[in-house]
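[1] Predicted coordinates and the sequence they were generated for:
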Amino acid sequence: MVVDCPEPRGLAEFYRGLLGGEVDRPGQPWELNDDWSTLHHPGGVLCFQRAHDHVAPEWPDPAKPQQFHLDIAVEDLDAGSAEVLRLGGVLLDDSETYWRVFADPAGHPFCLVWE
């Protein structure tokens, strides 16, 4: 999956903080530069691509759609939420018992889901 964003390396580091893994592992089939960054995780690779005119989604406004949506399973919803906020995420909705909706630093919504 490739995610458009204004700062690829910063967003890759944000998701590394949440998911673990390695940012910008050398020797892969794509070029790593200021406009492209990767997060390598046992579950696969997330790629981040600079979009100079990136417009952040506004959840849940369908006029500015999500563009993509990750659900990240956590064992402790409160601890996971605290980590998201520490890393620079923004809480969008905590009205549900089993999940919380956040935005990453580029504005993309994602959920922490209690497993």
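    Arrived safely.

[2] Going by C-alpha atoms from here, please, whenever you check contacts or count neighbours.
    Fine.

[3] tell me the domain ranges of this protein?
    Domain assignment for the chain by automatic domain parsing gives 2-50, 70-114.

[4] Ranked by average pLDDT, which of these falls at the bottom?
    When mean pLDDT is averaged over each of the domains of the chain, domain 2-50 scores lowest at a mean of 91.

[5] quick one on the thing from earlier: can I get the domains of the chain in JSON lines including mean neighbour count and distance to Pro60?
    Output for the domains of the chain, formatted as JSON lines (neighbours: other Cα atoms under 10 Å; distance: least, Cα to Cα, whole Å):
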{"stretch": "domain 2-50", "mean neighbour count": "17", "distance to Pro60": "19"}
{"stretch": "domain 70-114", "mean neighbour count": "17", "distance to Pro60": "9"}
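
[6] separation between Val2 and Thr97?
    30 Å (Cα to Cα, to the nearest Å).

[7] now Tyr15
    23 Å.

[8] and what of Gly17?
    Gly17 is 24 Å from Thr97, by Cα to Cα.

[9] can you check Glu115 too?
    12 Å.

[10] do the same with Gly88
    From Gly88 to Thr97 the distance is 23 Å (Cα to Cα).

[11] Who are the contact partners of Leu85?
    Counting by Cα atoms under 8 Å, 6 or more residues apart in numbering, Leu85 touches Leu91.
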